[in-house]
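**Student:** Generate a structure from the sequence data that follows.
(2 chains)
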Protein chains: 2
Amino acid sequence: MKWIEGGVTAATGFKASGIHCGIRPNRTKEDLALIVSDAPCVGAGLFTKNQVKAAPVLVDKESIKHETHRAIIANSGIANACAPKDYENAVLMQKVTAEALGVDPKEVLIGSTGVIGMSLDVSKIEAGLPVLLNKLTSDQSGSELAAKAIMTTDTRKKELAVEVELDGKPVHIGGISKGSGMIHPNMGTMLCYLTTDAAITKDMLQKALKEVCDISFNRISVDGDTSTNDSLIILANGMAGNELIAAENDSYQAFKEALKALCIELARQMAKDGEGATHLITCTVSNALDEKRAEILAKSVIRSPLTKAAIFGCDANWGRVLCALGYSGEEFNPEKVDISFASAAGTIAVCEHGKGLPFDEAKALAILKEPEVIILADMHEGTAAATCWGCDLTFDYVKINGDYRT
Amino acid sequence: MKWIEGGVTAATGFKASGIHCGIRPNRTKEDLALIVSDAPCVGAGLFTKNQVKAAPVLVDKESIKHETHRAIIANSGIANACAPKDYENAVLMQKVTAEALGVDPKEVLIGSTGVIGMSLDVSKIEAGLPVLLNKLTSDQSGSELAAKAIMTTDTRKKELAVEVELDGKPVHIGGISKGSGMIHPNMGTMLCYLTTDAAITKDMLQKALKEVCDISFNRISVDGDTSTNDSLIILANGMAGNELIAAENDSYQAFKEALKALCIELARQMAKDGEGATHLITCTVSNALDEKRAEILAKSVIRSPLTKAAIFGCDANWGRVLCALGYSGEEFNPEKVDISFASAAGTIAVCEHGKGLPFDEAKALAILKEPEVIILADMHEGTAAATCWGCDLTFDYVKINGDYRT
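**Tutor:** Numbers count the residues shown, from 1 in each chain, chains lettered A, B, ... in the order given. I've put the predicted structure just below:
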């Protein structure tokens, strides 16, 4: 497996584009993205577990059952959730796109992200479709415009691609994603659209997506808020010409490993671009009794507002890390726990067997000033490990969210 | 029942004092509190459920089993948690206080709050004890000094008292508490010391404390962080002369109601004084299937960082409220939910049957500018209700916690 340039157009047979169609008042920001495959695809999707589901999620949960898919259309600016006629508008958005592409409505998956409670004016999307279709390209520029069009408070576009060889054929998987607030590990927690030219059955694609999501997107948290709109969708058009993956064979494993690398990196980029974030925080809990437990413990640390604020302040306040492990809901012996901080500037042990160690404050400060900080907790009770990703809590998080709607 | 002036010295036979003994560098801030009863008391306590328990909590969990108690001593500045010799120091703190008072060590309950991981120098407490004992007074000034001595990042002291008539005798209950960060409903979540001159058995006292805690302190959240040191303790010395409460009779109910009023108000004051808070947020979920469910839903709202940031920005962003209800873990029909905001400036309906209502933004702003804001969610599915309290997420929360330790 190797990293390659590109995003959703890296896989053979996929085109993408993005335009400003008028949903957002700011005319310099794209607000409508389209991804289209030349050939019919099998699709798989995972959606928010929030009881309050946005209309596009309700539509997609039905449409994803269809045998084939051809396109994904998504807008930013308005979430099309909890608004009058939200479901009707979602169905209409799917219908006008399908008509423009000449495909079955169920072959089109849809997404929306933005403010909850405002009505989506689908006539703007309908009016924009001819331009959107006209701009479709298999160049990276198309993927880039699509990636920009789904951004909300994101400060950086997230666009990545990998290549893996299956049966001697190069297979590509690429993706774009958005998400920096309302991010919490409970399924998708964002919009993420992946494309691949792998030949794989719908069942195997769904299985790979679920397995990978559980250890990538479901292990990030920006603020503990699980959105109403979270969607993770992958389309596979089979154009790479590998032997169809229809079982958990070696090709499935290789495909899944490549998908995993891609999703973990997209997840890390989302955490790093968390609203107002100045640090990407990685927490690895090791030597735990089992992986689930390690994950719960690590998530508790990356969710802790006090830990997040301490990292913002470059404060090696390991007591808050131990405290967060302690209220995770998992029972353990605190007197076995070791804690260290690490970054590109080095590693420093700060707590051993549950008690503070004397440490060099200047060295700790240098480590925590790096943009990527790792918190290591060794439970000394088993052999399992898990890693979760989050970001620090900053003035800007409060600023961004104190006046997002108005 | 009526509200009266005072705190832990409002009940007959209780004295209190507070001094600066040198644990905190700032000499103008008291850091050691003492509460003493003239007569032996029965005591009841509830302690943090965090797996990482501070040494004073471990000591108190044993000591609270003792038949009688006489005093509570507590310091601020250092949490005496996860530090070398923390348990030995907690035992020593209890021992030197018992010796100074001439009582059994188990009759003394102890508390610490402050930075985790630093060693507590008990010699400073020992050296301060003669002055602390000398300053003991049944005047309110003693309670006030004790209330100040347990404050950390609190900006206001919390000190309240009530009077209730039992068997024709005036019975008093008073308390002091601290807590503005690391506050989350999972038991005590703070230091809170209550005293009463009621005659009540240890069993009935513990029962009343548990029942009241569940609907007061366990329903507040500042940041979702459950501290290692949370302790809620009540001492009852029986000096009011009422008939001993030994069963769930009318006097028990009257006592419990008075205790409930006191604890809810102390809890509200803690939420209001949440680190950096500019708003007290009350969330009442009504017409839910049952009370537990209503509580889970209300807690999810007051914990939501996005909702908290929106209230800071006086933004009537009800979508975040509905979203937070949605990820509470409880299943419900979003299309039944109504949401309103209320305050001293009025009430405004913003969402009906899960969809946004057109509303007057100027009126909403006026309502949300008040220091106490109420979020009302009507589930339209049953008759149960629950109220939880929290505060907004502000720049100052980040500032306070970004550089607390260093």
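**Student:** can you tell me which helix in chain A is longest?
**Tutor:** In chain A, ranked by residue count with DSSP state H as the criterion, the top helix is helix A:250-272.
**Student:** A:K399 is in what secondary structure piece?
**Tutor:** Secondary structure here is read from DSSP states H and E; on that basis A:K399 sits in helix A:395-402.
**Student:** Name the residues that touch that helix?
**Tutor:** Among residues not part of helix A:395-402, those counted as contacts by C-beta atoms under 8 Å, 6 or more residues apart in numbering or on different chains are A:153, A:181, A:223, A:274-277, B:305-306, B:309-310, B:312-313, B:315, B:393-395, B:397-399. Just so you know, the C-beta spots here come from the backbone N, C-alpha and C atoms, and that holds for glycine as well.
**Student:** Please list the members of those residues that lie in strands.
**Tutor:** Restricting the contacts of helix A:395-402 to those inside strands, with DSSP state E as the criterion, leaves an empty set.
**Student:** Backbone torsions only: list them for the residue of the stretch 51-200 of chain A found nearest chain B.
**Tutor:** Per C-beta to the nearest C-beta, A:I116 is where the stretch 51-200 of chain A lies closest to chain B, at 2.6 Å. Here the main-chain torsion angles of A:I116 (degrees, to the nearest 10) amount to phi -80, psi 140.
**Student:** from what I can see it touches A:D86, true?
**Tutor:** No: under the criterion of C-beta atoms under 8 Å, A:I116 makes no contact with A:D86, lying 9.7 Å away.
**Student:** buried sites along the helix or strand A:L58 falls within?
**Tutor:** In the assignment (DSSP H and E), A:L58 maps to helix A:55-63. Judged by neighbour count using 16 or more other C-beta atoms under 10 Å in any protein chain shown, the buried positions of helix A:55-63 are A:A55, A:P56, A:V57, A:L58, A:V59, A:D60, A:S63.
**Student:** does chain B sit close to that helix?
**Tutor:** No: taking C-beta under 8 Å from any C-beta of the partner chain as the criterion, helix A:55-63 and chain B are apart, separated by no less than 10.9 Å.
**Student:** Show me what that helix is packed up against.
**Tutor:** Helices and strands touching helix A:55-63, by 3 or more C-beta pairs under 8 Å, 6 or more residues apart in numbering or on different chains; DSSP states H and E, are strand A:32-47, helix A:86-101, strand A:108-115, strand A:231-236.
**Student:** Show me what the last one is packed up against.
**Tutor:** Read that as strand A:231-236. In terms of contacts (3+ C-beta pairs under 8 Å, 6+ apart), strand A:231-236 is packed against strand A:32-47, helix A:55-63, strand A:69-78, strand A:108-115, strand A:191-196, helix A:202-214.
**Student:** Of these, which stretch is the most buried?
**Tutor:** Per residue and on average, the most neighbours among those fall to strand A:191-196, with a mean of 29 (mean count of other C-beta atoms under 10 Å in any protein chain shown).
**Student:** which neighbours does that strand have in its sheet, and in what orientation?
**Tutor:** strand A:169-178 (antiparallel), strand A:231-236 (parallel) (DSSP bridges).
**Student:** CSV for the ones you listed, including mean pLDDT?
**Tutor:** Below are these laid out as CSV (pLDDT from 0 to 100):
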stretch, mean pLDDT
strand A:169-178, 94
strand A:231-236, 92
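**Student:** To A:N75, which of the ones you listed lies closest?
**Tutor:** Using C-beta to C-beta as the criterion, the shortest distance between A:N75 and the strands paired with strand A:191-196 is 11.4 Å, found for strand A:169-178.
**Student:** orientation of the closest one relative to helix A:250-272 in degrees?
**Tutor:** Interaxial angle of strand A:169-178 relative to helix A:250-272 (axes from the mean of the first three to the mean of the last three C-alpha atoms, to 10 degrees): 20 degrees.
**Student:** Most tightly packed of the strands paired with strand A:191-196?
**Tutor:** When you average the neighbours per residue for each of the strands paired with strand A:191-196 (mean count of other C-beta under 10 Å), strand A:231-236 leads with a mean of 28.
**Student:** CA atoms of that one as CSV?
**Tutor:** As requested, C-alpha coordinates have been extracted for strand A:231-236 and formatted as CSV (Å, rounded to 0.1, in the frame of the first residue of the first chain):
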residue,chain,number,x,y,z
SER,A,231,-22.6,10.0,7.1
LEU,A,232,-19.7,7.8,5.8
ILE,A,233,-20.3,6.5,2.3
ILE,A,234,-18.1,4.4,0.0
LEU,A,235,-18.7,3.7,-3.6
ALA,A,236,-16.8,0.9,-5.5
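**Student:** got the end-to-end distance for stretch A:45-58?
**Tutor:** This stretch, stretch A:45-58, spans 12 Å end to end (C-alpha to C-alpha, to the nearest Å).
**Student:** right, I mislabeled it, should have said stretch A:334-348
**Tutor:** End-to-end for stretch A:334-348, by C-alpha to C-alpha: 19 Å.
**Student:** Find the closest residue to chain B in the stretch 301-406 of chain A.
**Tutor:** A:G319 (2.6 Å).
**Student:** give me every residue that touches the closest residue to that residue other than its chain neighbours.
**Tutor:** When the adjacent residues along the chain are set aside, A:G319 lies closest to B:I116, with 2.6 Å between them (C-beta to C-beta, 6 or more residues apart in numbering or on different chains). Contacts here follow C-beta under 8 Å, 6+ apart; on that basis B:I116 touches A:N317, A:G319, A:R320, A:L322, A:C323, A:G356, B:A54, B:A79, B:A81, B:C82, B:A83, B:T228.
**Student:** Was I right to think the residue of the stretch 301-406 of chain A closest to chain B contacts B:A79?
**Tutor:** Yes: the pair A:G319 and B:A79 passes the contact test of C-beta under 8 Å, sitting 7.5 Å apart.
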